[in-house]
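Q: based on what follows, work out the 3D shape:
(chains A and B)
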Amino acid sequence: MAALKDIKRKITAVSKTKQITKAMNMVAASKFKAAQMRMENFRPYASKFMDVLNSLALRVSPETHPLLAVREPKKIRVICMTSDRGLCGGFNTNLIKATERFMAAKVKEGKEVALIPVGRKGRDYFRKKATIMNERADVFGKFDISLAVQVAKDIIPPFVKEEYDELYLIFNEFRNISVQRPIVVRLFPLPSIGQDEDVDPDKRVDYIYEPSDEQLLDQLLPMYVRVLIFRALVETSAGENGSRMAAMDNATRNCEDMIGSLSLKYNKARQSAITAELMDIVGGTEALAKG
Amino acid sequence: MADELMLEIVTPEKMAFNGNVEEVTVPGSEGEFGVLRGHASLLSSVDVGELNFTKDGKKTYYAISTGYAEVTSSKVTILVETAERSDMIDKERAKRARDIAESRVNKLSKEDDEFDAAKAALVRATIRLNVAEKG
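A: Model prediction:
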């Protein structure tokens, strides 16, 4: 009865896997809730920040700021923001593919491309494939604004010193729990701010600026960079856990299906084993009776 | 009350404070300034420092980091990257953090690339400790 035993063993194995995927699903769900909350909490900060930045940009022409300096893009850096852990469906794969495509296109144009990976998955993938700098791995477990501050510190001074000419940020934009899309955002030179947005003239307040408006813009623009990075970080973390939730939910369901079909197989095998045994006995008694 | 002022302290993580107060003192980068209702509209950057406000005659202290303050006649919005209320800071840990920062500054020479960063860390740690002791 080896077949019976094998099936039984398989059923046990699959149901253990199911337990794990189910637990992972629940962990991801609670992490997702926390991440989503962070996203919600960040929104008022970001929107207030943009209001002020826009109203400031209307007063001072920001073109002169070094972070907005447009140069002929020869050297390009790309931030690729992935999660640290796997088992979250196509979340990282899609992003890495998008990054590769983007980089390949830029290399084809004859540009020098370097990669700044944030998150371990991207770092591991690109380690031997691309020029890597300022990597940050294993950061998503517990992060706050200081992570964005650190990343900003890695990228702002070299840009001002003209060590590179353009910077792109590639991350998974969080659409909703089941939809995350890789998007490419140009960080440097910063896209011009506030020009085309018509700010309601009634809402425009003539502020006293302290220090002067130019100096204030000087301080606000690096903050703006940190806001953009932090937004990408929280969206990545929410997306990762949302994606893992969906992936683990699928896996749990697949386990259930497998257990179902294996049980059917097991019962069929058991029944045929019993029938075979009965046939043996019946055959035996008949032979005895004849004898 | 007519002489109250709306105060919002917003950080990327959460709304740290939202309510009516009588007076706010903000560590502006050009020097500390106090705000009462009816203040002229002002936009100022804010340095690492101590922010306090008076509500019902009682003072509350916050240790905040860089950002800016937007003041209108009836509302003050503080956007900073971190804000901690005095009673939320662990005094022991703050003290240890300051000691570590201090020894780092002492070890580094002025020409070191990290000197400025260490110095800034020391300033932050000192302010946190000061604020914690007021709580």
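Q: check what pLDDT A:Ser30 gets.
A: Note on A:Ser30: pLDDT of 95.
Q: burial of A:Arg136, as a residue count?
A: 21 (other C-beta atoms under 10 Å in any protein chain shown). The way it works is simple: take the backbone N, C-alpha and C, and place the C-beta from them, glycine included.
Q: residues of the stretch 101-250 of chain A that sit close to chain B?
A: Counting by C-beta under 8 Å from any C-beta of the partner chain, the residues of the stretch 101-250 of chain A close to chain B are A:144-145, A:148-149, A:205-211, A:215-216, A:219-220, A:223, A:226-227, A:230.
Q: where are the low-confidence patches of chain B?
A: Low-confidence segments of chain B (pLDDT under 70): B:1-2, B:135.
Q: for it, just list every one of the helices.
A: Assigned by DSSP state H, the helices in chain B fall at B:91-107, B:115-134.
Q: now do the last one against helix B:91-107, angle only.
A: Angle of helix B:115-134 versus helix B:91-107, following axes from the mean of the first three to the mean of the last three C-alpha atoms, to 10 degrees, is 150 degrees.
Q: report the buried residues of helix B:115-134.
A: Judged by neighbour count using 16 or more other C-beta atoms under 10 Å in any protein chain shown, the buried positions of helix B:115-134 are B:118, B:121-132.
Q: go on, stretch B:24-42?
A: So stretch B:24-42, judged by 16+ other C-beta under 10 Å, has buried residues B:24-29, B:33, B:35, B:37, B:39, B:42.
Q: ok, stretch A:161-176 next?
A: Applying a neighbour-count criterion of 16+ other C-beta under 10 Å, one finds A:164-172, A:174 buried in stretch A:161-176.
Q: need the CA coordinates for that stretch. PDB is fine.
A: C-alpha atoms of stretch A:161-176 as PDB (Å, rounded to 0.1, in the frame of the first residue of the first chain):
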ATOM      1  CA  LYS A 161      28.800  69.300  -7.500                       C
ATOM      2  CA  GLU A 162      27.900  68.200 -11.000                       C
ATOM      3  CA  GLU A 163      29.100  64.600 -10.500                       C
ATOM      4  CA  TYR A 164      26.100  63.500 -12.400                       C
ATOM      5  CA  ASP A 165      23.400  65.300 -14.500                       C
ATOM      6  CA  GLU A 166      20.100  63.500 -14.000                       C
ATOM      7  CA  LEU A 167      18.500  61.300 -11.400                       C
ATOM      8  CA  TYR A 168      15.500  59.100 -11.800                       C
ATOM      9  CA  LEU A 169      13.500  57.300  -9.100                       C
ATOM     10  CA  ILE A 170      11.800  54.100 -10.100                       C
ATOM     11  CA  PHE A 171       9.300  52.700  -7.600                       C
ATOM     12  CA  ASN A 172       6.000  50.900  -7.400                       C
ATOM     13  CA  GLU A 173       3.200  53.400  -7.300                       C
ATOM     14  CA  PHE A 174       0.500  52.300  -5.000                       C
ATOM     15  CA  ARG A 175      -2.800  52.400  -6.800                       C
ATOM     16  CA  ASN A 176      -4.800  50.100  -4.600                       C
END
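Q: what mean pLDDT does that stretch have?
A: For stretch A:161-176, mean pLDDT is 92.
Q: can you pull the domain assignment for chain A?
A: According to automatic domain parsing, chain A comprises the domains A:2-19+A:247-290, A:26-243.
Q: which one of those lies nearest to B:Val48?
A: B:Val48 lies closest to domain A:26-243 among the domains of chain A, at 12.4 Å (C-beta to C-beta).
Q: hmm, back to that, farthest pair within the buried residues of stretch A:161-176?
A: Greatest spacing in these, by C-beta to C-beta: A:Asp165 and A:Phe174 (29.3 Å).
Q: follow-up on the earlier one: the helices of chain B: which one's closest to B:Gly67?
A: Nearest of the helices of chain B to B:Gly67, taken as C-beta to C-beta: helix B:115-134 at 13.5 Å.
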